[in-house]
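**Student:** have a look; sequence and predicted model below, questions after that.
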Amino acid sequence: MRVIQNNSGAYLSTFFLENIICNELILRGYEVSVGKKHNGEIVFVAEQGGKHCYIQVAYYLSKEKGPDEKKSAFDREYDAFDSIKDGSPRYVMPLDKIDTSHNGITHLNIEDFLLNKIDIKLSWHIEFI
């Protein structure tokens with residue numbers, strides 16, 4: 001397998017983290033799908049009992065851009081929610097411990113989630129115009 005790496009190998013690590021989070025969500029009884037948008041994707045939409053939330057998974061949320069990157073990891077993960085107009089919970093799950101929650105998007109450390117220290121919340125789909 002050929003792996004394209006940036007300065008930290010974060011692309012491959014994020015792929016593994018996404019699989020871990022997806023499997024954990026399924027084990028907890030959530031239906032998991034990929035959220036497609038016109039200009040990209042939300043990594044996961046977790047659903048249960050008619051309610052849902054959106055989840056982005058990241059290795060680390062660096063605010064520095066790599067030489068070949070248009071956006072920093074921080075901006076890329078948080079900006080993925082920009083075109084979503086409903087009021088459902090939104091989470092960015094990195095390995096970072098420092099809480100970077102803002103604009104209604106919750107930072108949820110992966111380790112805390114996997115150890116059940118903090119769980120996700122779901123809500124009904126309500127469109128905001």
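**Tutor:** All right, it came through fine.

**Student:** okay, helices next: where are they in the chain?
**Tutor:** 10-27, 73-79, 110-114 (DSSP state H).

**Student:** do you know which of these lies nearest P94?
**Tutor:** Nearest of the helices of the chain to P94, taken as C-beta to C-beta: helix 110-114 at 6.6 Å. (C-beta placed from N, C-alpha, C; glycine too.)

**Student:** and that closest one, what's buried?
**Tutor:** Neighbour-count burial for helix 110-114, counted by 16 or more other C-beta atoms under 10 Å, picks out I110, F113.

**Student:** return the distance of it from the chain's centre.
**Tutor:** How far helix 110-114 lies from its chain's middle: 13 Å, per C-alpha atoms, centre = their mean, to the nearest Å.

**Student:** that helix packs against which elements?
**Tutor:** helix 10-27 (3 or more C-beta pairs under 8 Å, 6 or more residues apart in numbering; DSSP states H and E).

**Student:** picking that back up, the helices of the chain: which one's closest to K85?
**Tutor:** The closest of those to K85 is helix 73-79. By C-beta to C-beta, the value is 14.7 Å.

**Student:** what comes into contact with that closest one?
**Tutor:** By C-beta atoms under 8 Å, 6 or more residues apart in numbering, the residues outside helix 73-79 that reach it are 10, 56, 58-63, 71, 92, 94, 100, 102-103, 105.

**Student:** C-alpha coordinates for that helix, CSV please?
**Tutor:** The C-alpha coordinates for helix 73-79 follow below in CSV (Å, rounded to 0.1, in the frame of the first residue of the first chain):
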residue,chain,number,x,y,z
ALA,A,73,-6.6,20.8,10.0
PHE,A,74,-8.4,23.0,12.5
ASP,A,75,-10.2,25.0,9.8
ARG,A,76,-10.8,22.0,7.6
GLU,A,77,-12.6,20.0,10.3
TYR,A,78,-14.7,22.9,11.8
ASP,A,79,-15.5,24.4,8.4
